[in-house]
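1. Quick check, what structure comes out for this input:
(one chain, ligands or ions: 2)
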Amino acid sequence: MSETNDENRHLLTISELKREIALLEESHLEKERAVSALQDSEKRYRRLFESAKDGILILDADTGKVVDVNPFLLQLLGYAYDAICGQYIWELGVFKDIAASREAFKTLQHNEYIRYDDLPLETLDGRPIAVEFVSNVYVVDYSKVIQCNIRDITGRKKADAERKRLMAAIEQVGDAIVMTDAQGTIQYVNPAFERTTGYTSVEVVGLNPRILQSGRLDESFYRNLWDTISDGRIWAGIMVNKRKDGNLYSEETTISPIRDSSGRIVNYVAVQRDITEHLHLTAQLQQAQKMEAVGLLAGGVAHDYNNMLSVILGYTELALGKVDRTESLHADLEEIYKAAIRSTEITRQLLAFARKQVINPVVLNLNQNVQSMLKMLQRLIGEDITLAWQPEVGLYPIKMDPAQIDQLLANLCVNARDAITDVGRVIIETKNVIIDETYCIHNIGFEPGEYALLTVSDDGCGMDKETLGHIFEPFFTTKGMGKGTGLGLSTVHGIVKQNNGFINVYSEPGNGTTFKIYLPWYAGQTIEVQPEDIEEIPLSRGETVLVVEDEPLLLKMDKKMLEDLGYRVLAAGAPSEAIDLAKAHAGQIRLLITDVVMPEMNGRDLAERLQALYPDMKILFMSGYTATVIAHRGVLDEGVNFIQKPFSFKGLGIKVRDSLRGT
Ligand code: ADP
Ligand code: MG
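-> Ligands and ions are numbered 1, 2, ... in the order given. As a prediction, the model looks like this:
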């Protein structure tokens, strides 16, 4: 039974068999379906792999061999499929940066995920490209693979770099740049804008550029600007704007409308250059040129005028000697003489302004000179004005004609006195200062170096800008008729320039005035100067002198003066005549007195020619100015005898005697 049962166990009914078969078929179909589904999915992924717009590289994670690579990557790198597939990754030159060796490959092997944002690769033909590289390790069908996704970012990087370059240019350019939207609201300002205006980007973005308006320009100005740019045209002009700190500045501005591809205005860009400093320097230069031109004019006039004054003075002096004091003519002549003397003071100042004053500079300590002037200055400014004196200890020595320091101080103190109504204070100070390069860049006419600074300050009425612009011009005065000549500060200016120094003035209406005079440091010894006082008019012992002067009236007068002094006089109206006279003369000629500037030949050359004939002959130069001819900038060479026109009878007597003695 059991056997039967057993056998029965193996016997299946037909229906059971059928079911069995159906099940089998079913499972087979399922398998097939699964296989086909797998195939489908594989195909689908394959297609993705093949058509991906990123490079994909599959590596065997154990060996490092390339298992697969997609066409995009092949195309990107320029390799053929076979050149890559089956190769060890470190043997592929192109990947040298990520897997140059088996060792380096381990990094990929042992990290589930690696990412390089910007990896430089080189294509087969040597073209550098930049890629983003991501690797993932995972298991497929019991084997580990590394999938590397490689994205070409060369184009994006280029665009980035381009944008960065443009940005850097805009950020670093010296001109201020402002971008607004079409309504005029600020969207961007560059650092130069922040520097010129004092506003930070955060403060102004979202605002209207109106915040910079100075109030100096009227409404129509801004209306015209806005009309121009909103009409699509470029506006250019100069604007006066206001910084955050309230100071005004001038800028050259160009505003351009920016359109999008449809032609609509979407932005405005303003490029602005701060020209405040430029305008300031231009004004300084114009002022300097004006002074130069006025100086030339004044110098020329003063020179001719001086010659005529010499004649007037000389003859008046001679005439005075011949008329008895009791006669009324004597008093009349004296009046002429006094007026002429006063006039010489004006020409002297004009010559000083024109830097044509002949000077005898010596090395000195400014402190000593000021000190010795104090009493006189106090008398000049009167008792109601206090005079304070603050000398610098160890002041740099300077080289200058002491008489010019007296002129400077006297002029500045008189002006200070005139500026003070009742009581007040004048302070004179000295200081050592160093002027650096930067200062000179912003101040035309200044030279870097070490200077002795002489400051004269007062607490008087001060000056407005308009007055300040003219004070150094000759004959500019704000004082009433007969009160001011307008020559004080032009004299000061000329003296300072002649000594290679410079002046600064600080003044505000109602707040007093400070004049700062910078005189160049002289690296030498200080010498004491002893003023000479000679009372008597030295007379001649009958020596022969040769006088040369191209102005006939002056020559005649010089001759007469010299004869009255007792000299024997040879007079020549021109250098050639002088040479002829000298050749023809039989005896000695002890002294040549010659003008410096003459048409044919200058006095110095004439002197050389004549000294060849008369080696022992002494020389005395005379001139209204000497400037370039007798010496550089009117500064006398050491040991040269010189007499400034106009000269007095006595003055000539002393000079001629000194020259003959050889002092
Ligand atoms: P003057 O004194 O004969 O007028 P200056 O050349 O000395 O001529 O001065 C010119 C002008 O400069 C003066 O008329 C005056 O307006 C102005 N000025 C000069 N110094 C001062 C000062 N310390 N304070 C105020 N104004 C001054
Ligand atoms: Mg004056």
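2. And what about the residue nearest to residue 486 when sequence neighbours are not counted, helix, strand or coil?
-> Spatial nearest neighbour of residue 486, excluding adjacent residues (C-beta to C-beta, 6 or more residues apart in numbering): residue 477 at 3.6 Å. Bear in mind the C-beta positions are built from the backbone N, C-alpha and C, glycine included. Under the three-state scheme (DSSP: H, G, I helix; E, B strand; the rest coil), residue 477 adopts coil.
3. cool, the one 4 residues further on as well?
-> Classification of residue 481 using three-state DSSP returns coil.
4. likewise the one 3 residues further on?
-> When states are read from three-state DSSP, the local structure at residue 484 comes out as coil.
5. what residue ranges in the stretch 551-663 of the chain are flagged as low confidence?
-> 624-639, 663 (pLDDT under 70).
6. Quick check: phi and psi on residue 31?
-> Main-chain torsions, residue 31, degrees, to the nearest 10: phi -60, psi -50.
7. The residue nearest to residue 486 - how many residues pack around it?
-> 18 (other C-beta atoms under 10 Å).
8. Tell me the spacing between the most centrally placed residue in the chain and ligand 1.
-> Centrality entry for the chain: nearest residue to the mean C-alpha point is residue 441, 3.3 Å, by C-alpha atoms, centre = their mean. Using C-beta to the nearest ligand atom, to the nearest Å, we find residue 441 at a distance of 28 Å from ligand 1.
9. What is the three-state secondary structure of that residue?
-> Secondary structure assignment for residue 441 (three-state DSSP): helix.
10. Tell me the confidence at it?
-> Reported pLDDT at residue 441 in the predicted model: 74.
11. next one: residue 154
-> So, for residue 154, pLDDT stands at 90.
12. What count of nearby residues applies to it?
-> So residue 154, with other C-beta under 10 Å, has 15 neighbours.
13. Quick check on it: phi, psi?
-> Per degrees, to the nearest 10, the backbone of residue 154 is at phi -60, psi -50.
14. correct me, but it touches residue 130?
-> Yes - the pair residue 154 and residue 130 qualifies as a contact (C-beta atoms under 8 Å) at a distance of 4.9 Å.
15. Give me the number of neighbouring residues for residue 68.
-> The burial count for residue 68: 17, using other C-beta under 10 Å.
16. Same check on the one 5 residues further on?
-> As a burial measure, residue 73 scores 23 neighbours (other C-beta under 10 Å).
17. Secondary structure element for it, which one?
-> Counting by DSSP states H and E, the element that carries residue 73 is helix 71-77.
18. so what's the closest residue to residue 241 other than its chain neighbours up against?
-> Using C-beta to C-beta, 6+ apart and skipping residues adjacent in sequence, the residue nearest residue 241 is residue 212, 4.3 Å away. With contact taken as C-beta atoms under 8 Å, 6 or more residues apart in numbering, residue 212 is in contact with 197, 241, 242.
19. List the contacts of the closest residue to residue 585 other than its chain neighbours.
-> Closest residue to residue 585 apart from its sequence neighbours, by C-beta to C-beta, 6+ apart: residue 570 at 6.5 Å. Residues in contact with residue 570 (C-beta under 8 Å, 6+ apart) are 544, 545, 546, 547, 578, 581, 582, 585, 589.
20. The last one and residue 546 touch, don't they?
-> Right, the one you point to is residue 589. Yes - using C-beta under 8 Å, residue 589 is in contact with residue 546, at 5.2 Å.
21. Neighbour count for those two, which is higher?
-> residue 546 (23 against 20).
22. what's the model's confidence in the helix or strand hosting that one, averaged?
-> Using DSSP H and E, residue 546 maps to strand 544-548. For strand 544-548, mean pLDDT is 95.
23. which intervals of this structure have sub-threshold pLDDT?
-> Scanning the chain for pLDDT under 70 picks out 1-11, 97-101, 355-358, 442, 482, 524-536, 624-639, 663.
24. In it, what residue comes closest to ligand 2?
-> For the chain and ligand 2, the shortest gap (C-beta to the ion) falls at residue 488, measuring 2.7 Å.
25. for ligand 1, what are the nearby residues on the stretch 451-600 of the chain?
-> 458, 460-463, 467, 471, 476-479, 484-490, 513 (C-beta under 6 Å from any ligand atom).
26. which parts of the chain sit against ligand 2?
-> 415, 488 (C-beta under 5 Å from the ion).
27. Please parse the chain into its domains.
-> What automatic domain parsing lists as the domains of the chain is 1-42, 52-154, 173-274, 282-353, 362-520, 544-660.
28. So for residue 538, which of those sits nearest?
-> Closest to residue 538 of these is domain 544-660 (C-beta to C-beta; 3.9 Å).
29. All the strands of the stretch 451-600 of the chain, in order from the start?
-> 502-507, 513-520, 544-548, 568-572, 591-595 (DSSP state E, counting those that start in this stretch).
30. what's the neighbour count on residue 74?
-> Neighbour tally, residue 74, other C-beta under 10 Å: 18.
31. Isn't it up against residue 84?
-> Yes - the criterion here is C-beta under 8 Å, and residue 74 meets it with residue 84 at 7.1 Å.
32. Mutual contacts of the two, please.
-> What both residue 74 and residue 84 touch, as defined by C-beta under 8 Å, 6+ apart, is an empty set.
33. what is in contact with residue 589 and residue 546 at once?
-> 570, 582, 610.
34. from the residues you listed, which is closest to residue 495?
-> For the shared contacts of residue 589 and residue 546, the nearest to residue 495 is residue 610 (34.1 Å; C-beta to C-beta).
35. so what does the strand holding residue 546 touch, helix or strand wise?
-> Contacts defined by 3 or more C-beta pairs under 8 Å, 6 or more residues apart in numbering; DSSP states H and E place strand 544-548 against helix 552-564, strand 568-572, helix 575-584, strand 591-595, helix 603-613.
36. most packed of these?
-> strand 591-595 (a mean of 25; mean count of other C-beta atoms under 10 Å).
37. List of residues touching it?
-> In contact with strand 591-595 (C-beta under 8 Å, 6+ apart) are residues 543, 545-551, 558, 562, 578, 603, 606-607, 610, 617-623, 656, 659-660.
38. ok, residue 73 - contacts?
-> 55, 56, 57, 150.
39. Kindly export stretch 391-398 (C-alpha atoms) in CSV.
-> Only the C-alpha atoms of stretch 391-398 are listed here, as CSV (Å, rounded to 0.1, in the frame of the first residue of the first chain):
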residue,chain,number,x,y,z
PRO,A,391,63.1,132.4,16.3
GLU,A,392,63.9,128.7,15.7
VAL,A,393,67.0,127.6,17.4
GLY,A,394,69.6,126.2,15.0
LEU,A,395,68.0,127.8,11.9
TYR,A,396,69.4,126.8,8.6
PRO,A,397,71.7,129.4,7.2
ILE,A,398,70.7,131.0,3.9
